[in-house]
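Trainee: coords please:
(one chain, ligands or ions: 1)
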Amino acid sequence: MSVPLLTIDRARKAFGGLVAVNDVSFEVGKGELLGLIGPNGSGKTTMLNLISGALSLTSGAILLSGKPIAGLAAHKIARIGVARTFQLVRVLPSMSALENVVAGAVFGHNRLWGDEALALARDLLERVGLKGREEVPVAAMTYIDQKRIELARALAGNPHVLLLDEWLAGLNPSELGVGIELIREISAQGRTIIMVEHVMDAIRSLCSRCVVMNSGIKIADGRSADVLADPEVVRAYLGD
Ligand code: ADP
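Mentor: Below is the predicted model:
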């Protein structure tokens, strides 16, 4: 079998006495779109923080193409090819949409510069639906448009793995449909994605496989249709 693109091997993160991620293991294949779900407080964001290097592991390992990445600084992991969006959008508000996305190209995996970075940023802004608004300061844009910019910025680095932390949260029903199709399109281009998401319709529609966490423990991993019908998973959500 070929080496998985991403391997999470008994990852553990304790905050004092609280074990937010409790010896969780799973693998993600190249080109896969994996859903990471679970009730509030189950450890999903902590897991993304461990993968992206925002937090260090208490024990365990995280490997990208078989090479350990845990322990490296977050900017190094970004360079190696892990990009993310945040639950609470993080953009540079005084800069334009274009400048934000150019920053993603410059500091990401591909380290583009100058005209190449600009051309890619313009192309990505068009793909996320912001053509014609490239020069608008981000502070003057809506929350949803800021999310689009964050996604374009993450893609600008041409990451091996894209981590989406509730990227669809806060979208109204018509925006949600557009957002789901955008993620589908990015996935169809071969990008490997892990998406943390509460919108179950999106998980059903986009992710053939999902991993479920509850109280820091992985309680299910498999075909989304099976996992979402698993009584233990249903119980975990009802107890939320
Ligand atoms: P989820 O994303 O599934 O809602 P989180 O990963 O945000 O869950 O949180 C998992 C648990 O870890 C929660 O109990 C949360 O309060 C705790 N936690 C998360 N980050 C920290 C932190 N920096 N310090 C202390 N506790 C934290």
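Trainee: may I ask which helix or strand of this structure has the lowest mean pLDDT?
Mentor: helix 97-107 (a mean of 84; mean pLDDT, DSSP states H and E).
Trainee: centroid residue for the chain?
Mentor: Leu163 (1.6 Å; C-alpha atoms, centre = their mean).
Trainee: pairing partners for the helix or strand where it lies, with directions?
Mentor: Counting by DSSP states H and E, the element that carries Leu163 is strand 161-165. Within its sheet, strand 161-165 is paired with strand 82-84 (parallel), strand 192-196 (parallel), according to DSSP bridges.
Trainee: most packed of those strands?
Mentor: strand 82-84 (a mean of 27; mean count of other C-beta atoms under 10 Å). (Glycine included, C-beta is placed from N, CA and C.)
Trainee: quick revisit: and the strands paired with strand 161-165, which one is worst for confidence?
Mentor: Least confident of the strands paired with strand 161-165, judged by mean pLDDT, is strand 82-84 with a mean of 91.
Trainee: number of nearby residues for Glu232?
Mentor: 11 (other C-beta atoms under 10 Å).
Trainee: put the alpha carbons of the longest helix seen in the chain into CSV.
Mentor: In the chain, ranked by residue count with DSSP state H as the criterion, the top helix is helix 173-188. Only the C-alpha atoms of helix 173-188 are listed here, as CSV (Å, rounded to 0.1, in the frame of the first residue of the first chain):
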residue,chain,number,x,y,z
PRO,A,173,-29.1,28.8,2.8
SER,A,174,-28.4,30.1,-0.7
GLU,A,175,-24.8,30.9,0.2
LEU,A,176,-24.5,27.4,1.7
GLY,A,177,-25.2,25.8,-1.6
VAL,A,178,-22.6,27.9,-3.3
GLY,A,179,-20.1,27.2,-0.6
ILE,A,180,-20.7,23.4,-0.8
GLU,A,181,-20.2,23.6,-4.6
LEU,A,182,-17.0,25.6,-4.1
ILE,A,183,-15.5,22.9,-1.8
ARG,A,184,-16.6,20.2,-4.2
GLU,A,185,-14.8,22.0,-7.1
ILE,A,186,-11.6,22.4,-5.0
SER,A,187,-11.7,18.7,-4.1
ALA,A,188,-12.4,17.6,-7.7
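Trainee: would you indicate which residues of that helix are buried?
Mentor: Leu176, Gly179, Ile180, Leu182, Ile183, Ile186, Ser187 (16 or more other C-beta atoms under 10 Å).
Trainee: I'd say the fifth one and Leu164 touch.
Mentor: Yes: here Ile183 reaches Leu164: they are 7.2 Å apart, a contact under C-beta atoms under 8 Å.
Trainee: got any residues that touch both of these two?
Mentor: Counting by C-beta atoms under 8 Å, 6 or more residues apart in numbering, the contacts common to Ile183 and Leu164 are Ile193, Met195.
Trainee: still on that earlier bit, so what secondary structure elements neighbour the longest helix of the chain?
Mentor: helix 143-156, strand 192-196, helix 200-206 (3 or more C-beta pairs under 8 Å, 6 or more residues apart in numbering; DSSP states H and E).
Trainee: how about CSV for these, with distance to Leu33 added?
Mentor: Below are the helices and strands packed on helix 173-188 laid out as CSV (distance: least, C-beta to C-beta, whole Å):
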stretch, distance to Leu33
helix 143-156, 14
strand 192-196, 5
helix 200-206, 6
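Trainee: closest one to the ligand among the ones you listed?
Mentor: strand 192-196 (6.6 Å; C-beta to the nearest ligand atom).
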